[in-house]
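Q: for reference, the sequence and a predicted model appear below.
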Amino acid sequence: MKTIIKIDPMTRIEGHLDIEAVIDNKKVVEAKSKGTLYRGFEQILTGRNPIDAVQITQRFCGVCPTPHAIASSQALDNAFGVMPPDNGRIIRNIMQGSNYIQSHILHFYHLASLDYYRGPDIPPFVPRYEADYRVPETVREKLVEHYIEAYQIRLKAHELCAIWSGKMPHMASITPGGVTIIPRIDNITTSLWRLKELTDFIDNVYIPDVITVGQIYRDYFQIGKGCGNYLSFGLFDLDSEPEVTKRKRFFQMARMSKEKVYPVDVNQIAEDVKYSWYDSSSHKHPRQGDTTPNPDKPGAYSWLKAPRYNGESYEVGPLARLKIAYETRSNPKINQLIDETLNKLQVGSDELCSVMGRHIARALECKVVADEITGMIMQVKLEEPVCVPHQIPDSGEGMGLWDAARGALGHWIEIQNQKIARYQAIVPTTWNASPKDDKGQAGPIEEALIGTVIDDTNNPFELARIVRSFDPCLACAVHLAEIGKSEKTFRVI
Ligand code: NFE
């Protein structure tokens, strides 16, 4: 007999993701990933001064305002024909790196780790669902301690960003053509001591904790594989090449399909809407896309559109970035770090494509990013320019491509009469949590759920662990709540 399981909300914070799974003989045979909030930022932006996009798009989300500020600034740089000077480029990288650190630590300790151990019987650890908690008492006590410590540490990462961005969340000092902060020696010194504390936590607490959980839940290296395609727009600009797809980046812009790495042709990106609550035309490149909501559309089940690359679904995020770096050997230190960790865990590199692999990739990336921005802070040159002047053209187009903590992020702007005529954003969670496309092909999270064995349909924690390993953020992806009516609704915290 088939059972339908519905978990809503799935995400602990970060908007409302509703997951529906059809179980037949203990196995997931169909899955639906549903974004239940409508965003509508595209309509808010239309008709405004283009410069407002840098501030308004940051309000997509309080967790990742930084990449939206950077991607919209890049789209404006592109439309205005300006490029930030070295200081502007480096300071944007530092802001983004600090946002990665706080976001990755947030994800493991505050959004995902409670799936693996039983917290104390007080809020925020209760209410909780009963899972196969296997962590021994001594480890459990440490994880609870680190859960609390992680709040303080994330504060340091937010401060690190605010040193350069003026405030957090929602940064003040970013503008088309660069940044507006004039760097002083104390920006550098106060950043370095915060980074030292962050690096100590990542090396001595975060990575060891993720490895310990990985060793205890080794079977989760076999669960939640996903679609097997990986996409990254890249991270940290290393030069000032105006053409974004040719720009040298620390994590390169690339995609991986069937274990082979290929360049990205942005023209191959299109968004399908057959199963989305939109009357917009389907299979449009975001440059031509529109956002016309229709909450009564028959057959639709999500406010997310379904982005596809050349008709295929792609996973984005830390696993995608690390797999591409590992395969291309672009940075020997990353390969060494991954190999050492896999050795400790006694798992193969192919097992990274899994629930536990995503947690490991995120933790290792956190270290790589912290090390990288420590070096970048030393490259900031006092007394040198941080931005170039810009002028709003009468008309134009621009594109910003960047990797947010959760993966590939694209912003597209069209300007007419010096106003925003069209704005489209495809955020990481739109890729990962997308519904089926026009061909009926599942999105990456849906794909990762299909085939999973559910031990107890009254307590389907396997589904929660798989979905959360992607770190979905629905606030970013969509923004009307739909009251779910179905066979089983679980309150999952
Ligand atoms: Ni709201 Fe975001 C990130 C972006 S996810 S967290 O990282 O862009 O879709």
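A: Everything's here; your move. Numbers count the residues shown, from 1 in each chain.

Q: drop to CA atoms for contacts and neighbour counts, all remaining ones
A: OK.

Q: next one: whichever residue of the stretch 201-350 of the chain sits closest to the ligand from Lys225, what distance?
A: Nearest residue of the stretch 201-350 of the chain to the ligand: Gly317, at 8.1 Å (Cα to the nearest ligand atom). To Lys225, Gly317 is 14 Å away according to Cα to Cα, to the nearest Å.

Q: chain center to the helix ranked longest in the chain, what's the gap?
A: If you go by DSSP state H, the chain has its longest helix at helix 137-165. Distance of helix 137-165 from its chain centroid, counting by Cα atoms, centre = their mean, to the nearest Å, is 19 Å.

Q: could you pull up the contacting residues of the residue of the stretch 201-350 of the chain closest to the ligand?
A: Leu231, Ser232, Asp403, Ala404, Ala405, Arg406, Gly407, Ala408, Pro428, Phe470 (Cα atoms under 8 Å, 6 or more residues apart in numbering).

Q: got the buried residues for the helix or strand hosting Leu364?
A: Using DSSP states H and E, the element containing Leu364 is helix 355-377. Going by neighbour count (16 or more other Cα atoms under 10 Å), the buried part of helix 355-377 is 355-370, 372-374, 376-377.

Q: check whether that helix comes near the ligand.
A: No: counting by Cα under 6 Å from any ligand atom, the ligand has no neighbours in helix 355-377; the shortest distance is 11.7 Å.

Q: for stretch 419-439, same thing?
A: Yes: using Cα under 6 Å from any ligand atom, stretch 419-439 reaches the ligand at Val427, Pro428, Thr429.

Q: in CSV, list the C-alpha atoms belonging to that stretch.
A: In CSV, the C-alpha atoms belonging to stretch 419-439 read as follows (Å, rounded to 0.1, in the frame of the first residue of the first chain):
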residue,chain,number,x,y,z
LYS,A,419,15.0,52.4,-14.6
ILE,A,420,14.9,48.6,-14.0
ALA,A,421,12.7,47.2,-16.8
ARG,A,422,13.3,43.6,-15.8
TYR,A,423,15.1,41.7,-13.0
GLN,A,424,15.5,38.0,-12.6
ALA,A,425,17.5,36.0,-10.0
ILE,A,426,18.1,32.3,-9.9
VAL,A,427,19.3,31.4,-6.4
PRO,A,428,21.1,28.3,-5.3
THR,A,429,18.0,26.8,-3.6
THR,A,430,16.0,27.3,-6.9
TRP,A,431,18.4,24.8,-8.5
ASN,A,432,18.5,22.3,-5.6
ALA,A,433,14.9,22.4,-4.4
SER,A,434,13.3,22.8,-7.9
PRO,A,435,10.1,21.0,-8.8
LYS,A,436,9.9,18.8,-11.9
ASP,A,437,10.7,20.4,-15.2
ASP,A,438,8.5,20.4,-18.3
LYS,A,439,9.7,16.9,-19.2
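
Q: mean confidence (pLDDT) on it, please.
A: Mean pLDDT, computed over stretch 419-439, is 96.

Q: in that stretch, what's buried?
A: Quick answer for stretch 419-439 (16+ other Cα under 10 Å): 419-438.

Q: again, but for stretch 328-345
A: Going by 16+ other Cα under 10 Å, stretch 328-345 has these buried residues: Ile334, Asn335, Leu337, Ile338, Asp339, Thr341, Leu342.

Q: now those residues in CSV, with pLDDT, secondary structure and distance to Asn459?
A: Listed next are the buried residues of stretch 328-345 as CSV, based on pLDDT from 0 to 100; DSSP: H, G, I helix; E, B strand; the rest coil; distance: Cα to Cα, whole Å:
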residue, pLDDT, secondary structure, distance to Asn459
Ile334, 98, helix, 38
Asn335, 98, helix, 38
Leu337, 98, helix, 36
Ile338, 98, helix, 34
Asp339, 98, helix, 35
Thr341, 98, helix, 32
Leu342, 98, helix, 31
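
Q: could you work out the most separated pair of the residues you listed?
A: Spatially, the most separated pair among these is Ile334 and Leu342, at 12.2 Å (Cα to Cα).

Q: what about Gly289, which SS state?
A: What DSSP: H, G, I helix; E, B strand; the rest coil gives for Gly289 is coil.

Q: is whatever helix or strand comes next after the helix holding Leu364 anywhere near the ligand?
A: Going down the chain from helix 355-377, the next helix or strand is strand 395-404, by DSSP H and E. Yes: using Cα under 6 Å from any ligand atom, we find that strand 395-404 touches the ligand at Ala404.

Q: after strand 395-404, which helix or strand is next?
A: Sequence order places strand 407-416 as the next helix or strand after strand 395-404, per DSSP H and E.
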